[in-house]
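A.B. asks: coords please:
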Amino acid sequence: MRIAVMTAGSRGDVAPYTGLAHGLAAAGHRVTVVTHGSFGPLVTAAGVGFRPIPVDPRAELESARGRALHDSPSGPGKLVKLVRMARALADRLVPPLVTAARDSDVLLVSSSLAPIGHALGEGLAVPSMGLYLQPLHPTAEFGPAIIGTRSWGALGNRLGGHLVNASVDAVFAGTLRSTVRDQLGLPGSAARQATHRARERRRWPVHHGFSEHVVPRPADWRPGLHVSGYWWPYDPPGARLPAPVRDFLDAGPPPVYIGLGSATVPDPAALSRTLVRALRAAGLRGIVQRGWARLEAEGDDMLTVDEVPHALLFPETAAVVHHGGAGTTAAGLRAGVPSVPVPVQFDAGFWAARLTALGVAPAAVPLRRLTADRLAAALTAATRRPAYARRAARVAELLRAEDGVGPVLADVERLAAR
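C.D. replies: Below you'll find the predicted structure:
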């Protein structure tokens, strides 16, 4: 069976699908991941097919309109700016997605591409299914994950969830009308079938790539919304840490990892100095990942690295300091070490709150309020109070017992058969 996995966004929006795609391919399917060209090596390393779509997400975040995201102090304000930025890029994404859909028997679509993926499936009569990394469907139990941690009460939470999904629909609204008319040969009105409300009426199946031990499935979700377990990024068998990292680990006590993943920051040099001061104030060594934030650290007690497999590095650290992205949050939990989340934007606040609720993090230190003293205090608590390490080890044990690929594989084969 020919399966297209479609996703767009940062590295964290792509890496989990490499492990899922590898698992589907190992079951005998022909899998192609359709995403930004810059992630081609990440995808092909998993032994699956790759089709590029245009747009360099890092370049967009570093552009003037990408940097403007930092000017909005609130989650809703950032979301509005992100939707505007994405709408300007949508027309460029669609043609290669249409071509990939025509060559596929099943479409598996991330939340960022849900409107176009569902529309292509309907227009081409190709079964489709959502693969989400965050809980985006409205629920009374918590507010929209993508705009922070605030609860607005049962009614407000559900309304907020609908508004967030309407915002995602708005990204592709204009593009979809022309796509279904000109490329699929359907009336422009058919684009209305791609809205979140229409997908809900049709009971569109969605699998979520996180664990019920981290986010329990909301009791008010409809049937067909599954919490499947994590999809871990693919790491080749026999992968090893780079020699400089191995040497640094062996030269002293376990260090703290610090990285902000695909988040960008207004002043990388100033932030780097703050992070190093915090580590030294807490008496800790550090491995600092440059990432898209362009962090740097100097000194015998510090090591600056580029991309390093989290699955290999995190278990050898005393704690991980990260931006609260879904993927890095998951990697820290999998490693069984305490976390100190430094949420930057979007769903980071949601995942940071989950970490503290699980008892694996002492507190979140949001980037906007980050100081060396606050981070040092959180690091001291995370690394010297045994309760955090014990709880982290217990959560990791629970996650090791799960298989996030199996439920997706079973549903894919049911979809194709139907």
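
A.B. asks: distance of the residue nearest to Ala335 when sequence neighbours are not counted from Trp231?
C.D. replies: Distances taken as Cβ to Cβ, 6 or more residues apart in numbering place Phe314 nearest to Ala335, at 3.5 Å, with adjacent residues excluded. Every C-beta, even on glycine, is put in place using the N, C-alpha and C of the backbone. Distance from Phe314 to Trp231, counting by Cβ to Cβ, to the nearest Å: 17 Å.

A.B. asks: State the separation between stretch 15-25 and the centre of the chain it belongs to.
C.D. replies: Once both centres are worked out by Cα atoms, centre = their mean, to the nearest Å, stretch 15-25 turns out to sit 14 Å from its chain's centre.

A.B. asks: same check, this time on stretch 21-39
C.D. replies: 17 Å.

A.B. asks: can you check stretch 332-343 too?
C.D. replies: Distance, stretch centre to chain centre, for stretch 332-343: 15 Å (Cα atoms, centre = their mean).

A.B. asks: What mean pLDDT does that stretch get?
C.D. replies: For stretch 332-343, mean pLDDT is 97.

A.B. asks: Pull the residues that contact stretch 327-337.
C.D. replies: Contacts with stretch 327-337, where a contact means Cβ atoms under 8 Å, 6 or more residues apart in numbering, come from 11-12, 15-16, 133, 210-211, 214, 230, 232-233, 259, 261, 310-311, 314-315, 317-320, 322, 339, 341, 351-352, 354-355, 358, 360, 389, 392-393, 395-397, 399-400.

A.B. asks: Compare neighbour counts for Phe314 and Trp231 and give me the winner.
C.D. replies: Trp231 (26 against 22; other Cβ atoms under 10 Å).

A.B. asks: Surely that one and Asp403 touch.
C.D. replies: No - assessed by Cβ atoms under 8 Å, Trp231 is found out of contact with Asp403, at 10.2 Å.

A.B. asks: Restricted to buried residues, select the contacts of stretch 327-337 in ChimeraX.
C.D. replies: In ChimeraX, this line selects whichever of those come out buried by 16 or more other Cβ atoms under 10 Å:
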select :11,12,15,16,133,210,211,214,230,232,233,259,261,310,311,314,317,318,319,320,322,339,341,351,352,354,355,358,360,389,392,395,396,399
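
A.B. asks: picking up where we left off before, how near is the residue nearest to Ala335 to Ala377?
C.D. replies: Taken as Cβ to Cβ, the span from Phe314 to Ala377 is 22 Å.

A.B. asks: and what of Val365?
C.D. replies: 9 Å.

A.B. asks: Who has more neighbours out of these two?
C.D. replies: Legend: neighbour count by other Cβ under 10 Å for Val365 and Ala377, higher for Val365 (23 against 18).

A.B. asks: show me what contacts that one?
C.D. replies: Val365 touches Val340, Pro341, Val342, Arg374, Leu375, Ala378, counting by Cβ under 8 Å, 6+ apart.

A.B. asks: mind running it again at 10 Å?
C.D. replies: Val365 makes contact with 278, 321, 340-343, 352, 371, 374-379, according to Cβ atoms under 10 Å, 6 or more residues apart in numbering.

A.B. asks: So which of these sit within strands?
C.D. replies: Counted as lying in strands by DSSP state E, out of those, are Val321, Val340, Pro341.

A.B. asks: what sits opposite the last one in the beta ladder?
C.D. replies: Think Pro341. Beta bridges link Pro341 to His322, judged by DSSP bridges.

A.B. asks: So it is in contact with His323, correct?
C.D. replies: Yes - the pair Pro341 / His323 is scored as a contact, 7.5 Å apart, by Cβ atoms under 10 Å.

A.B. asks: Common neighbours of these two, please.
C.D. replies: Counting by Cβ under 10 Å, 6+ apart, the shared contacts of Pro341 and His323 are Thr329, Ala348, Trp351, Ala352.

A.B. asks: can I get these in TSV with pLDDT and distance to Ala119?
C.D. replies: Shown next, in TSV, are the shared contacts of Pro341 and His323 (pLDDT from 0 to 100; distance: Cβ to Cβ, whole Å):
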residue	pLDDT	distance to Ala119
Thr329	96	31
Ala348	91	29
Trp351	96	30
Ala352	95	34
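
A.B. asks: Redo these as CSV? Include distance to Ala239.
C.D. replies: Shown next, in CSV, are the shared contacts of Pro341 and His323 (distance: Cβ to Cβ, whole Å):
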residue, distance to Ala239
Thr329, 22
Ala348, 27
Trp351, 26
Ala352, 29
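
A.B. asks: Restrict the helix or strand encompassing Arg394 to CA atoms and write it as PDB.
C.D. replies: In the assignment (DSSP states H and E), Arg394 maps to helix 386-400. Provided in PDB are the C-alpha atoms of helix 386-400 (Å, rounded to 0.1, in the frame of the first residue of the first chain):
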ATOM      1  CA  PRO A 386      15.300  13.000  44.500                       C
ATOM      2  CA  ALA A 387      11.500  13.100  44.100                       C
ATOM      3  CA  TYR A 388      11.800  14.500  40.600                       C
ATOM      4  CA  ALA A 389      14.200  11.900  39.400                       C
ATOM      5  CA  ARG A 390      12.100   9.100  40.900                       C
ATOM      6  CA  ARG A 391       8.900  10.400  39.300                       C
ATOM      7  CA  ALA A 392      10.700  10.800  35.900                       C
ATOM      8  CA  ALA A 393      12.000   7.200  36.000                       C
ATOM      9  CA  ARG A 394       8.400   6.000  36.700                       C
ATOM     10  CA  VAL A 395       6.900   7.900  33.800                       C
ATOM     11  CA  ALA A 396       9.700   6.600  31.500                       C
ATOM     12  CA  GLU A 397       8.900   3.000  32.600                       C
ATOM     13  CA  LEU A 398       5.200   3.500  31.600                       C
ATOM     14  CA  LEU A 399       6.100   5.000  28.200                       C
ATOM     15  CA  ARG A 400       8.400   2.000  27.400                       C
END
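
A.B. asks: Now do that helix, average pLDDT.
C.D. replies: In this model, helix 386-400 has a mean pLDDT of 98.
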